[in-house]
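Asker: Prediction below, plus the sequence it came from.
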Amino acid sequence: MDFVRGNSIGMTLSESDRTELERIFEELSNGGQVLMPLQKTFWSELYGMTTDKYGILWHMNLTKE
């Protein structure tokens with residue numbers, strides 16, 4: 001199979017500190033593309049999706065402490 005940038009892996013990051021999650025999301029989005037800004041969902045107080053500058057998909061989720 002041919003390599004297609006970004007379809008090789010997706011990562012999920014769960015963080016209990018809101019400020020830290022927002023910082024990491026911003027850093028990973030720099031040079032990439034925000035697919036879903038951090039926002040409240042029915043399963044999380046804060047959830048978002050972004051690709052980083054290498055095309056890796058990131059699911060970011062705020063968890064309870």
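Answerer: Looks like it came in fine.

Asker: so where's the chain shaky on pLDDT?
Answerer: 1-7 (pLDDT under 70).

Asker: Count the neighbours of Met11 for me.
Answerer: 11 (other CB atoms under 10 Å). In short, each C-beta sits where N, CA and C put it, glycine included.

Asker: which strand residues sit across from it in the sheet?
Answerer: Listed by DSSP bridges, the beta-bridge partners for Met11 are Trp58.

Asker: what's it in contact with, if anything?
Answerer: Residues counted as contacts of Met11 (CB atoms under 8 Å, 6 or more residues apart in numbering) are Ile56, Leu57, Trp58, His59.

Asker: cool, and Pro37?
Answerer: Gly48.

Asker: would you list every one of the helices in the chain?
Answerer: 18-29 (DSSP state H).

Asker: quick one: the strands in it?
Answerer: 10-15, 33-39, 47-51, 57-62 (DSSP state E).

Asker: which of the ones you listed sits most buried?
Answerer: Stretch with highest mean neighbour count among these: strand 47-51 (a mean of 20; mean count of other CB atoms under 10 Å).

Asker: report the angle between the axes of that strand and strand 10-15?
Answerer: 140 degrees (axes from the mean of the first three to the mean of the last three CA atoms, to 10 degrees).

Asker: Could you list every helix and strand that strand 47-51 packs against?
Answerer: Judged by 3 or more CB pairs under 8 Å, 6 or more residues apart in numbering; DSSP states H and E, strand 47-51 is in contact with helix 18-29, strand 33-39, strand 57-62.

Asker: I'd like the ones you listed laid out as TSV, including distance to Gly48.
Answerer: Shown next, in TSV, are the helices and strands packed on strand 47-51 (distance: least, CB to CB, whole Å):
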stretch	distance to Gly48
helix 18-29	6
strand 33-39	4
strand 57-62	5
